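Participant: need coordinates for the below:
(chains A and B)
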Amino acid sequence: MPIQLFNTLKRIKEDFVPIDPERVRMYVCGPTVYDFAHIGNARPVVAFDILYRLLRETYGVDHVIYARNITDVDDKIIARAAESGEKIGDLTQRTELAFLDDMGSLGAMVPDIQPRATEHIAGMVTMIADLIKSGHAYVAEDHVLFNVSSYDDYGHLSGRNRDEMIAGARVEIAPYKQDPADFVLWKPSAEDQPGWDSPWGRGRPGWHIECSAMSEKHLGRTFDIHGGGQDLIFPHHENEVAQSTCAHGGETFVNYWLHNGYVMVEGEKMSKSLGNFYTVHDLLDEFPGEAIRLALLKTHYRKPLDFTKGGLQNAKMDLDKLYRALKETPAQSSAPSNKVMEALKDDLNTPLAMTYMFELAQGGGARDQLLASGKLLGILQHDPEDWFKGKASGDDGGLSDTDIDDLIEKRKQARVDKDFALSDSLRDELQNQGIILEDGAQGTTWRRS
RNA sequence: GGCGCGGUGGCGGAGUGGCUACGCAGCGGCCUGCAAAGCCGUGUACACCGGUUCAACUCCGGUCCGCGCCUCCA
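Facilitator: I've put the predicted structure just below:
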């Protein structure tokens, strides 16, 4: 079966046919680096990580190029730095490192290219100049604005027409706009704001232009896949399409647009005012990154996801079950399960893929495919021993291994003496410390709960 | 108000016009000194109301509920 993907552009699932199978190219909107990534930021990272892995498996690891941008110039960054007094460069660098660190904990592979907006200003300026030259943009009061009415297909991606947009606008329209739907490509910077010299004075780019300039530079004028959160469809991606298409004389910008669904937390929508957003950084103190990853993958990427700590516990138990199977039957090197592959090829159906993972774990001869299939999903790559002892997630505080072994030894003697009261109290003591004992044929083993 | 997405058993969550996934929890059993883990068995759910059909959870229409976006806010 070919890979099928739901294309937002057409609102249908369709076969994925790359422009060049030797060079499959995808671009995903990355973070604005002013704060720790929350679970809503993590979802697209994990979802498109699955796609990246699937494409590499299908077309070969050297034939896929994955770019994810770092937005390091933005008004929120400016505002945050002003609040805290931290230098902008320090804030963005620190946040970017934290982001990579957190996403790494979630088992997300590092994209091939991670372009920073501030390192691509020249490309943006060139693109803006081209847009002005071709009549798709104009200068007004030190701003450069994109002229929406110059692009007939505006609104196609998000499925709206301009009348609707104007009717629904609830934001004050800047007086210098020729058309209320026009959006900013370049804006002036005050003395204390980051800015770059340009033909239109010292300023900084608008939000959307960076993705257009950076994708062009690294992936070309037309590429295969562009991904991001559903909330980016409008205006961000709509505007990207308009800019890039117009800057490229009408050439197609992207063939497949993919969008992941939104995230809720504990049954409520995530919002800063409710203070109910979980940062990945905080969650990692409580749960293994792999459990967070699985909690995200247990829901299909296009569906709404209610992220809960209960769900995380559950994901951890799922992993316990799979790791247990790996421990019992160490996997040989093998290809991923065909069923898991097929599930992923069907628009990244990770929940269905998990069903097959449990099937593989269910004894039988197919268990050796578990490890290779897990790799495709970005799970199960730790040593099972480390997983159960908490070493895979750095959660190995409290009792030391020797402490535990000593207590187990004591309990063993008690059991030989048939002093079950003592034996059970030792086990309870360990359990209170989060250590669960399992008496097997080969003696007693332990794991962290 | 406009556009879009979703509502499946106690929970999570796939899928299909007719043959009742899967995981967790629960219950019963085997095993165990007792547990834990494992194994076996067990649960006829698909928001509501109409319609189409021999047959709908699955198709169509409407209603209700939840959520996202509606331009400088990622």
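Participant: chain A - how does it break down into domains?
Facilitator: The record's domain parsing of chain A by automatic domain parsing lists A:16-263, A:287-388, A:401-448.
Participant: among those, which is nearest residue A:269?
Facilitator: domain A:16-263 (8.0 Å; CB to CB). For glycine as for every other residue, the C-beta is placed from the backbone atoms N, C-alpha and C.
Participant: burial count for residue A:338?
Facilitator: 13 (other CB atoms under 10 Å).
Participant: residues touching residue A:73, list them.
Facilitator: The contact partners of residue A:73, by CB atoms under 8 Å, 6 or more residues apart in numbering, come to A:117-118, A:194, A:204-205, A:210.
Participant: quick one, helices of the stretch 201-350 of chain A?
Facilitator: Here the stretch 201-350 of chain A has its helices, by DSSP state H, counting those that start in this stretch, at A:209-219, A:238-247, A:280-286, A:289-297, A:309-328, A:338-345, A:350-361.
Participant: redo those as TSV? Include distance to RNA strand B.
Facilitator: Shown next, in TSV, are these (distance: least, CB to the nearest atom of the strand, whole Å):
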stretch	distance to RNA strand B
helix A:209-219	9
helix A:238-247	8
helix A:280-286	15
helix A:289-297	8
helix A:309-328	5
helix A:338-345	8
helix A:350-361	4
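Participant: so which of these gets nearest residue A:59?
Facilitator: Proximity to residue A:59 (CB to CB) singles out helix A:338-345 among these, at 12.4 Å.
Participant: pull out the buried residues from that closest one.
Facilitator: If you call a residue buried by 16 or more other CB atoms under 10 Å, then helix A:338-345 has these buried ones: A:339-341, A:343-345.
Participant: with pLDDT added, can I get the residues you listed in a markdown table?
Facilitator: Below are the buried residues of helix A:338-345 laid out as a markdown table (pLDDT from 0 to 100):
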| residue | pLDDT |
| --- | --- |
| A:339 | 90 |
| A:340 | 93 |
| A:341 | 94 |
| A:343 | 93 |
| A:344 | 94 |
| A:345 | 94 |
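Participant: out of the residues you listed, who's nearest residue A:72?
Facilitator: Among those, residue A:344 lies closest to residue A:72 (CB to CB), at 32.6 Å.
Participant: for that closest one, what are its contacts?
Facilitator: By CB under 8 Å, 6+ apart, residue A:344 lies in contact with A:50, A:54, A:350, A:353, A:376-377.
Participant: ok, it to residue A:354 distance?
Facilitator: Noted for residue A:344: a distance of 11 Å to residue A:354, by CB to CB, to the nearest Å.
Participant: and residue A:228, by the same measure?
Facilitator: Residue A:228 is 24 Å from residue A:354, by CB to CB.
Participant: same check on residue A:49?
Facilitator: Look at residue A:49 and residue A:354: by CB to CB, they are 16 Å apart.
Participant: and those two? Which one has more around it.
Facilitator: More neighbours surround residue A:49 than the other of residue A:49 and residue A:354, with 25 against 20 (other CB under 10 Å).
Participant: list the contacts of the more buried one.
Facilitator: Counting by CB under 8 Å, 6+ apart, residue A:49 touches A:107-109, A:378.
Participant: ok, those vs residue A:399, which is closest?
Facilitator: Among the contacts of residue A:49, residue A:107 lies closest to residue A:399 (CB to CB), at 27.4 Å.
Participant: where does chain A have low pLDDT?
Facilitator: Residues of chain A meeting the criterion pLDDT under 70: A:161-173, A:272-274, A:330-333, A:363-365.
Participant: which stretches of the stretch 301-449 of chain A form strands?
Facilitator: A:305-307, A:435-440, A:443-448 (DSSP state E, counting those that start in this stretch).
Participant: return the most buried member of those.
Facilitator: Mean neighbours per residue, mean count of other CB atoms under 10 Å, is largest over the strands of the stretch 301-449 of chain A for strand A:305-307, with a mean of 21.
Participant: what lines up beside that one in the sheet?
Facilitator: Paired strands of strand A:305-307, with direction, are strand A:263-265 (parallel) (DSSP bridges).
Participant: gap between the strand it pairs with and the chain center?
Facilitator: 15 Å (CA atoms, centre = their mean, to the nearest Å).
Participant: columns secondary structure on top of the contacts of residue A:49, output as a markdown table?
Facilitator: Shown next, in a markdown table, are the contacts of residue A:49 (DSSP: H, G, I helix; E, B strand; the rest coil):
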| residue | secondary structure |
| --- | --- |
| A:107 | coil |
| A:108 | coil |
| A:109 | coil |
| A:378 | coil |
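Participant: thought residue A:368 was touching residue A:334?
Facilitator: Yes - at 5.1 Å, residue A:368 counts as touching residue A:334 under the criterion of CB atoms under 8 Å.
Participant: these two: who's more crowded?
Facilitator: residue A:368 (18 against 14).
Participant: distance to residue A:159 added to the helices of the stretch 201-350 of chain A, as JSON lines?
Facilitator: As requested, those are exported to JSON lines (distance: least, CB to CB, whole Å):
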{"stretch": "helix A:209-219", "distance to residue A:159": "20"}
{"stretch": "helix A:238-247", "distance to residue A:159": "10"}
{"stretch": "helix A:280-286", "distance to residue A:159": "32"}
{"stretch": "helix A:289-297", "distance to residue A:159": "27"}
{"stretch": "helix A:309-328", "distance to residue A:159": "31"}
{"stretch": "helix A:338-345", "distance to residue A:159": "26"}
{"stretch": "helix A:350-361", "distance to residue A:159": "26"}
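Participant: who touches the closest residue to residue A:46 other than its chain neighbours in this structure?
Facilitator: Excluding the flanking residues, the one nearest residue A:46 by CB to CB, 6 or more residues apart in numbering is residue A:296, at 4.7 Å. The neighbours of residue A:296, taking CB under 8 Å, 6+ apart as the test, are A:39, A:42-43, A:46-47, A:106, A:305, A:307.
Participant: I appreciate the help and will end here.
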